[in-house]
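Visitor: Sequence and computational prediction follow.
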Number of protein chains: 2
Amino acid sequence: MSVLVVGSIAYDSVETPFGKVDDSLGGSALYFSAAASLFGPVNVVGVIGSDFDTSKISFLKDRQVNFDGMYVDSGKTFRWGGRYHKNMNMRDTLFTYLNVFESFKPQIPEQYRQTEYVFLANIAPELQMEVLDQIEKPKLVVLDTMNFWINGKRQALEEVIKRSDILILNDEEAMDLTDEPGIVSAAHAIIKKGIKTLVIKKGENGAVLIHEDKFFFCPAYPLSRVVDPTGAGDGFAGGFVGYLAQQKDHSIDSLKRAVVYGSAIASFIVEDFSFNRLIELKKEDLEYRFEEFGAMTRFL
Amino acid sequence: MSVLVVGSIAYDSVETPFGKVDDSLGGSALYFSAAASLFGPVNVVGVIGSDFDTSKISFLKDRQVNFDGMYVDSGKTFRWGGRYHKNMNMRDTLFTYLNVFESFKPQIPEQYRQTEYVFLANIAPELQMEVLDQIEKPKLVVLDTMNFWINGKRQALEEVIKRSDILILNDEEAMDLTDEPGIVSAAHAIIKKGIKTLVIKKGENGAVLIHEDKFFFCPAYPLSRVVDPTGAGDGFAGGFVGYLAQQKDHSIDSLKRAVVYGSAIASFIVEDFSFNRLIELKKEDLEYRFEEFGAMTRFL
């Protein structure tokens, strides 16, 4: 079952205590599709500038990622620069050059319009809505967002939430969206907004799935060294949605396993800069780590 | 198998966003024994002032908690006052009056000296060492501490760690003890100090067991409302040690379940002020919550 992602394609410049990279491959749509393509085909919709070196994404093309919806615009590719602190939960954005992304209007190619699994990466809620308007009867819509839209485009975002099946966000965003002081009360408040399933990511403290009134907790894989956290969230979403699409099933049991696959993929991404770890990642590595999550949480 | 705890017996004055209590029952030895006594007999060693109302601990006596090692000193009972913020991870200490606790020298009664399970609650490392010197061949020594001793009595603490089997501390303390930036690298560094098993408590983010090179993660029970976190850590330790003593087994599987029992008891403690929730807690309630932790973490 194929998956559609609409999001950014970028060049990132990232500095962490373990080194730095300049103009390396980045963007939510690419991290998502690198992860989701471990489970099945992925269709990407996004925009690049005329400076984009498409040979850099050939490894994704080899993995059933389809770029028919990747438009080339005159101008430069979206660029983001950031510096992570010793505590990797903290980062400073050094620059954000939207470039061609500024005027991005997602056009869903005809052949993608019946995609059943849709991931709306972190873009403006109005654009997310335009994507949904172009999809015929999606089976599952998974939504990402960020503080910028929560605080600046609250109403539009709430509309998109109502049309989505699953919302993925981090702990701070969950509290921002609800003005609740903790993630449990925030989760209950978000469920009340009219979405059945919620995933709250807590960085090194793992992720929580809330489905109706049930909670499921998945830890973060215990790494001694996080080299670069960039892309972990989108990779998580890719593993999560990719697994669900492959299963064609959204029962609570599948949702739980999807969270674990997402967490496992995120744990690989942060082991190296950019896509370095994902490029070489084998499905067997992922399955092995999935089993390790079992051993690290099972007690009965 | 009986358990020995050496720690504080106190009157606490606590203010949280949900209310306040003055001079309510508190102290590490009491929270620990209220929890551990759900699994079997507990022997308490501590000191009270002549102002202490012993009728307040009759509920513990009814539950196989033995107070032969509770000495009455002339003067006032140890008092602590604190105020929790809206974010319950933050608290201000309003006052600490050591009173009779200031000159406390733990005397282990003859009949306790062969106790096989020992919990050294958070007291000065030199006193913890004196306790160990009075115990004949303990089977399992579990150690608690705090930043105050980590920073002020590092060397004495490191000696006690070497003589203990399991160290329980929170995430900040683990990082302080090792100068590592994250809990995974901190855990590895502590294991290198010569202790085989470690439990790192992360408050609302649960607890991690590290046993040799294995990690086990237990979430915090998802509560919408934490009324008063006081005593949660000592109650955790009580559930943890109480369960191990009952099992007479410290295999990794028992250690995992001990962490879950500890987490379950802590989750009850924080539902109300002081011992209010523990007084009425039934073993069945605990077993039910233990099973809920299974449902919230199982995915295979």
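Guide: Happy to help now that I have it. What you see is a predicted model; the values in this text were computed from it and never measured.

Visitor: Return the residues of chain A in contact with chain B.
Guide: Contact residues (Cβ under 8 Å from any Cβ of the partner chain) of chain A with chain B: A:86-88, A:181-185, A:187-188, A:202, A:204-206, A:208, A:214-219, A:222-226, A:253, A:256-257, A:259-260, A:293-300. Bear in mind the C-beta positions are built from the backbone N, C-alpha and C, glycine included.

Visitor: Type out the PyMOL command that picks the buried ones from these.
Guide: Buried members of the residues of chain A next to chain B, defined by 16 or more other Cβ atoms under 10 Å in any protein chain shown, are picked up in PyMOL with:
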select buried, chain A and resi 88+182+183+184+185+187+188+202+204+205+206+208+215+216+217+218+219+222+226+256+257+259+260+293+296+297+299
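
Visitor: Show me the helices in chain A, by range?
Guide: A:28-36, A:58-61, A:125-134, A:147-152, A:154-162, A:171-178, A:183-192, A:232-247, A:252-269, A:276-280, A:283-297 (DSSP state H).

Visitor: TSV for the ones you listed, including mean pLDDT?
Guide: Putting those into TSV (pLDDT from 0 to 100) gives the following:
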stretch	mean pLDDT
helix A:28-36	98
helix A:58-61	96
helix A:125-134	97
helix A:147-152	93
helix A:154-162	95
helix A:171-178	95
helix A:183-192	94
helix A:232-247	98
helix A:252-269	98
helix A:276-280	95
helix A:283-297	98
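
Visitor: so which of these gets nearest B:Ile161?
Guide: Of all these, helix A:283-297 sits nearest to B:Ile161, with 24.3 Å by Cβ to Cβ.

Visitor: Work out which residue lies at the spatial centre of chain A.
Guide: Of all residues in chain A, the one closest to the mean position by Cα atoms, centre = their mean is A:Asp234, 2.3 Å from it.

Visitor: wait, what's in contact with it?
Guide: A:Gly7, A:Ser28, A:Ala29, A:Leu30, A:Tyr31, A:Phe32, A:Ala35, A:Ala121, A:Asp144 (Cβ atoms under 8 Å, 6 or more residues apart in numbering or on different chains).

Visitor: Repeat the analysis, applying 6 Å as the threshold.
Guide: Residues near A:Asp234 by Cβ atoms under 6 Å, 6 or more residues apart in numbering or on different chains: A:Ser28, A:Tyr31, A:Phe32.

Visitor: ok, now A:Phe78?
Guide: A:Phe78 neighbours (Cβ under 6 Å, 6+ apart): A:Ser8, A:Ala10, A:Leu98, A:Asn99, A:Phe101.

Visitor: Which one (most neighbours) among these?
Guide: The residue in these with the most neighbours, by other Cβ atoms under 10 Å in any protein chain shown, is A:Ala10 (27 neighbours).

Visitor: Against A:Glu102, how distant is that residue?
Guide: 13 Å (Cβ to Cβ, to the nearest Å).

Visitor: next one: A:Val184
Guide: Distance, A:Val184 to A:Glu102, using Cβ to Cβ: 38 Å.

Visitor: Which pLDDT value belongs to A:Met1?
Guide: pLDDT recorded at A:Met1 is 72.

Visitor: What separation is there between it and A:Ile108?
Guide: Look at A:Met1 and A:Ile108: by Cβ to Cβ, they are 17 Å apart.

Visitor: now swap in A:Arg63 and tell me
Guide: 21 Å.

Visitor: Can you pick out the residue with more neighbours from these two?
Guide: A:Ile108 (21 against 17).

Visitor: give me phi/psi at the more buried one?
Guide: phi -90, psi 120 (degrees, to the nearest 10).

Visitor: wait, doesn't it sit right on A:Gln134?
Guide: Yes: A:Ile108 is within contact range of A:Gln134, at 4.1 Å (criterion: Cβ atoms under 6 Å).

Visitor: residues touching the residue in the stretch 1-150 of chain A positioned nearest to chain B, list them.
Guide: For the stretch 1-150 of chain A and chain B, the shortest gap (Cβ to the nearest Cβ) falls at A:Lys86, measuring 5.1 Å. By Cβ under 6 Å, 6+ apart, A:Lys86 lies in contact with A:Pro17, B:Pro181.

Visitor: before we move on, what about the one 5 residues further on?
Guide: Applying Cβ under 6 Å, 6+ apart, we find A:Arg91 in contact with A:Gly82, A:Tyr84.

Visitor: Average pLDDT for stretch A:92-105, rounded please.
Guide: Per-residue scores along stretch A:92-105 average to 95.

Visitor: Can you give me the end-to-end span of that stretch?
Guide: End-to-end span of stretch A:92-105 (Cα to Cα, to the nearest Å): 28 Å.

Visitor: Quick one: distance of it to the chain centre.
Guide: 18 Å (Cα atoms, centre = their mean, to the nearest Å).

Visitor: Quick one: residues contacting A:Phe52.
Guide: Counting by Cβ under 6 Å, 6+ apart, A:Phe52 touches A:Thr77.

Visitor: Not counting sequence-adjacent ones, nearest residue to A:Asn66?
Guide: With Cβ to Cβ, 6 or more residues apart in numbering or on different chains as the criterion, A:Asn66 has its nearest non-adjacent residue at 4.8 Å, and that residue is A:Asn43.
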